[in-house]
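K.L.:
let's see this in three dimensions:
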Amino acid sequence: MEKNNWLLITYKVPAEPAKKRIALWRRLKSMGAVYLQNGVCLLPKTEEHIRQLKMTENEIREMNGDSVILETVALDKSQEQKVITRFKADRDEDYKEFLGKCQDFENEIDKETAANHFTYAELEENDADLKKLQVWLVKIQKLDFYEAASAEEAGNRLKACQEMLDVYAQRVFEAHDENK
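P.N.:
Numbers count the residues shown, from 1 in each chain. As a prediction, the model looks like this:
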């Protein structure tokens, strides 16, 4: 059985200015890092993560902080599963939020349809919202290192949103043609 190798970064930075500390936390979270505790997080070992962590190490140094980057493996299979479960839980939270926004999108289309409001302005607005959902899902998927449970549902829901917008667009085109 192949073991998962992870990169572990531990860091300590001055409490002030808080915005730098928060920016550091956000940067690591945006890479998909899982925090084991304050100032200690893991990422799967990839060349990209090595590069990003080395850049982060430099930022920490510039903040008058200190850090250590290590390569590590779990002690045994159960410890490995604990870590993978944390990665999956973080991504499932992201997918859950994404699914909520898909629901908002669907509610908006339903509202416009119920009101017989078929305009190009609404179509453009909804099209822009769909593009935001598409970009967001790609970002989440990029950080989904261990195939979280909600991944498939999120993909299917985005397809449903696309199909819903296609139907709405057709109604806009028909309404526009009727007014000529």
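
K.L.:
quick check: what element follows whichever helix or strand Gly100 is part of along the chain?
P.N.:
Taking DSSP states H and E as the criterion, Gly100 maps to helix 77-114. Sequence-wise, the next helix or strand downstream of helix 77-114 (DSSP H and E) is helix 120-143.

K.L.:
how about that next one: buried residues?
P.N.:
Within helix 120-143, the residues that count as buried by 16 or more other CB atoms under 10 Å are 122-123, 126, 129-130, 133, 136-137, 140-141, 143. Backbone N, C-alpha and C define where each C-beta goes, glycine included.

K.L.:
with stretch 23-43 instead?
P.N.:
So for stretch 23-43, counting by 16+ other CB under 10 Å, buried means 24-25, 28, 31-34, 39, 41-43.

K.L.:
center of this protein, which residue is that?
P.N.:
Among the residues of the chain, the one closest to the centroid is Ile140, at 3.0 Å (CA atoms, centre = their mean).

K.L.:
for that one, give its distance to Leu24.
P.N.:
Applying CB to CB, to the nearest Å, the value for Ile140 to Leu24 is 21 Å.
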